[in-house]
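A.B. asks: For reference, the sequence and a predicted model appear below.
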Amino acid sequence: MNFLESVQMAGKTLLSNKLRSALTMLGIIIGNGSVIAMIGIGEGGQKFVANQLNSLGPNVVFVIPGNEETQRVSRNVTRTLVLEDANAIATQVPTIAATTAELNSRQVVTYKNRNTDVNIIGTTPSFLKVRDFEVATGRFFTDIDMKRSNQVVVLGAKLKEKLFGNTNPISQQIRIKNASFQVIGVLTDKGSNLGVDYDESALVPILTSANRLVGRTSPYGLEVTYIVASAKDADSVDAAQFQITNLLRQRHKLVGENDFTIRTQKDALQTVGQISSALTTMLAAIAGISLFVGGIGIMNIMLVSVTERTQEIGLRKAIGATQQDILLQFIIEAVIVSVIGGLVGTGVGVGCIILVSALTPLEASISIVSITMAVGISGGIGLFFGVVPARRAAQLDPIVALRSA
């Protein structure tokens, strides 16, 4: 028999036992579909997080109080940054386009009979430029508002919906920690960053926050939660990080370790990418176990098939079929089952990716590499696990096979 005849005979054998063939493919289908879907969804998750980070400010540099060691040991890091540090960065670092500072606290916000506990962000007028935010309605506070400690507030998009619904909030009065604030603007939807959901936050002038809400001061000035600076362009980020480090070490008169940590958007993207890649690999490995289980299923079914087809094997060998002919047919049957199962599983995986992309914000992608690998691996599994039953069938003695039948 030539190879084409072996393929035709293997196909006819599988079609004569449709249910058994379908059940044999099931493990491969589930494994392939899971691997392709997990890789695609994992890549979509990486893109989603990267887009979220990029949307919260171009070329951003974060300056956080405390060094890495103190941040690992305790969450209550000593406030080592003050508002004057932010002003110094803005005026003395040539690679920085703009700088803002944030002073965060949790406060109860009340409007009529509605109240909610939200994050209050005290910040400066340059916040919009540095963080790449836009005002949907109204205006943002100005330098005059900050110098006078005016009690004005800009609401995040979700907080506006919670407090006012469809009502126009501009010029309305709300209460924050028993102090009355006038709503002057509403931000566009943006998302969260560094654990802060800006859509559910309220922004007030930083001096107002310090004087009216927090009361945080130090001998060195107004303590801030962190400082955010925007480099002039992407190529200036590393230089800005170096220059800010030198400036703050001089200002804080440091001899040993830094009492602050500098993070860039690139650092955050690398960290997120590493975490996402690790999770995707883990999920794909778990899904890959289904491929292994599917291969064992193929071997089990093929072994049963050898027992059921003992008479056929004996008859074929009696009329001249060689061991290679029998071996080739059973291996081809196993590979066909695996490849067809792999193709069907590919369709299932691609369908899951399309569904996730349509129903969620994740931009799940279809990876040609993962599809090729999954189908190739499934074919290899069929070849690997098909060898044992194929060898068993090929080694049957024709006289014994016909007698046992």
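C.D. replies: It's in. Residues are numbered from 1 along each chain as shown.
A.B. asks: got the buried residues for whatever helix or strand Ile331 lives in?
C.D. replies: Using DSSP states H and E, Ile331 falls within helix 323-359. Neighbour counts over helix 323-359 (16 or more other C-beta atoms under 10 Å) mark 325-346, 348-350, 352-353, 356-357 as buried. C-beta here means a position set from N, CA and C on the backbone, and glycine is covered the same way.
A.B. asks: Likewise for stretch 198-215?
C.D. replies: Buried, per 16+ other C-beta under 10 Å, within stretch 198-215: 198-214.
A.B. asks: how far does it stretch from start to finish?
C.D. replies: 22 Å (C-alpha to C-alpha, to the nearest Å).
A.B. asks: picking up where we left off before, which is the next helix or strand following the helix holding Ile331?
C.D. replies: Sequence-wise, the next helix or strand downstream of helix 323-359 (DSSP H and E) is helix 368-394.
A.B. asks: Is Arg20 in contact with Ile301, as I believe?
C.D. replies: Yes - here Arg20 reaches Ile301: they are 6.4 Å apart, a contact under C-beta atoms under 8 Å.
A.B. asks: more neighbours, these two?
C.D. replies: Ile301 (21 against 15; other C-beta atoms under 10 Å).
A.B. asks: For that one, give me its contacts.
C.D. replies: Going by C-beta atoms under 8 Å, 6 or more residues apart in numbering, Ile301 touches 20, 23-24.
A.B. asks: secondary structure element for it?
C.D. replies: Assigning secondary structure by DSSP H and E places Ile301 in helix 265-308.
A.B. asks: Ala86 now?
C.D. replies: helix 83-92.
A.B. asks: picking that back up, for the helix holding Ile331, the averaged confidence score.
C.D. replies: For helix 323-359, the mean per-residue pLDDT is 82.
A.B. asks: That one packs against which elements?
C.D. replies: If contacts are counted by 3 or more C-beta pairs under 8 Å, 6 or more residues apart in numbering; DSSP states H and E, helix 323-359 sits against helix 3-16, helix 18-55, helix 265-308, helix 310-318, helix 368-394.
A.B. asks: Report the angle between the fourth one and helix 3-16.
C.D. replies: Using axes from the mean of the first three to the mean of the last three C-alpha atoms, to 10 degrees, the inter-axis angle of helix 310-318 relative to helix 3-16 is 160 degrees.
A.B. asks: So for helix 310-318, what gets flagged as buried?
C.D. replies: Across helix 310-318, burial judged by 16+ other C-beta under 10 Å covers 310, 312-314, 316-317.
A.B. asks: which residues touch the most centrally placed residue in the chain?
C.D. replies: What sits nearest the mean C-alpha location of the chain, by C-alpha atoms, centre = their mean, is Gly45, with 3.2 Å. With contact taken as C-beta under 8 Å, 6+ apart, Gly45 is in contact with 276, 280, 362.
A.B. asks: and the gap between the last one and Ser236?
C.D. replies: Which is Leu362. Between Leu362 and Ser236 the distance, using C-beta to C-beta, to the nearest Å, works out to 32 Å.
A.B. asks: Give the buried residues for stretch 10-22.
C.D. replies: 10, 13-14, 21.
A.B. asks: chain center to it, what's the gap?
C.D. replies: Relative to its parent chain, stretch 10-22 has a centroid offset of 42 Å by C-alpha atoms, centre = their mean, to the nearest Å.
A.B. asks: next structured bit after the lengthiest strand in the chain?
C.D. replies: Scanning the chain for the strand with the most residues, using DSSP state E, yields strand 96-111. On the C-terminal side of strand 96-111, the closest following helix or strand by DSSP H and E is strand 114-123.
A.B. asks: Extract the C-alpha set from that following strand and format it as CSV.
C.D. replies: Only the C-alpha atoms of strand 114-123 are listed here, as CSV (Å, rounded to 0.1, in the frame of the first residue of the first chain):
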residue,chain,number,x,y,z
ARG,A,114,-26.5,61.7,48.7
ASN,A,115,-23.1,61.0,50.2
THR,A,116,-20.1,58.8,49.4
ASP,A,117,-16.6,58.2,50.6
VAL,A,118,-14.2,59.2,47.9
ASN,A,119,-10.6,60.1,47.2
ILE,A,120,-9.9,63.8,47.4
ILE,A,121,-6.9,64.9,45.3
GLY,A,122,-5.3,68.2,46.2
THR,A,123,-3.3,69.2,43.2
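A.B. asks: Now do the buried residues in it.
C.D. replies: Residues of strand 114-123 classed as buried: 118-123 (neighbour count, 16+ other C-beta under 10 Å).
A.B. asks: Going along the chain from it, find the next helix or strand for me.
C.D. replies: helix 127-131.
A.B. asks: For that next one, enumerate the helices and strands it packs against.
C.D. replies: Packing partners of helix 127-131 (3+ C-beta pairs under 8 Å, 6+ apart): strand 96-111, strand 226-231.
A.B. asks: Nearest approach to Asp132 belongs to which of these?
C.D. replies: Nearest to Asp132, of all those, is strand 226-231, at 8.2 Å by C-beta to C-beta.
A.B. asks: returning to that earlier point: from the chain's centroid, how far away is the helix holding Ile331?
C.D. replies: Computed by C-alpha atoms, centre = their mean, the separation of helix 323-359 from the middle of its chain amounts to 28 Å.
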